[in-house]
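1. Structural data only, the sequence is not supplied:
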């Protein structure tokens, strides 16, 4: 009962659907985002884009690059830069673990989605490795085969 109440507290702002197509997702992490006031207001309005964004570890801190948050429409001269580098808030131990894993060949940090959890902006970060075109084709083939099986089971139950 308590788990369903916790799930309803989460409101997804935007997702990076292309990431699951282009990368193998190995692990996911939750991180807070250090934002300015107008960025939070734009996120609440759902005006964000994660396409082509990535995260990297620099000097023991983790930052997300190329995450686009549109300027707030009612903002004034204090409006934010849309592609500003944003600091992610994680425990030092987790950051060091991610730093070690990204030094391995082929691993990168990709943001999967932005959501609000109990009023705070969070980012789901994935440790991922890139897919080749044949991997993408195989995944699409499996997905279509699964869809055919579900369709056949549905027709059989009628």
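-> On my side now, so go ahead. Everything numeric here is computed off the predicted structure, so don't read it as measured data.

2. and stretch 26-44, how far from the chain's centre?
-> Here stretch 26-44 is found 10 Å from its chain centre; the criterion is Cα atoms, centre = their mean, to the nearest Å.

3. What's the end-to-end length of it?
-> End-to-end distance for stretch 26-44: 29 Å, by Cα to Cα, to the nearest Å.

4. please renumber so the chain begins at 10
-> With the count now opening at 10, the last piece we talked about shows up as stretch 35-53.

5. Need the contact partners of that stretch.
-> Stretch 35-53 is contacted from outside by 22, 57, 71, 73, 78-81, 83-84, 87-89, 95-99, 103, 107, 116, 121, 123, 125, 129-138, using Cβ atoms under 8 Å, 6 or more residues apart in numbering. For every residue, glycine as well, the C-beta is placed using N, CA and C.

6. Name the residues of that stretch that are buried.
-> Using 16 or more other Cβ atoms under 10 Å as the test for burial, stretch 35-53 gives 38, 40, 42, 44-45, 47-52.

7. Quickly name whichever of those is closest to residue 164.
-> residue 38 (41.1 Å; Cβ to Cβ).

8. for the closest one, which residues make a bridge with it?
-> residue 134 (DSSP bridges).

9. how about residue 68, phi and psi?
-> phi 50, psi 40 (degrees, to the nearest 10).

10. How about residue 64?
-> The phi and psi torsions at residue 64 (degrees, to the nearest 10) take the values phi -120, psi 150.
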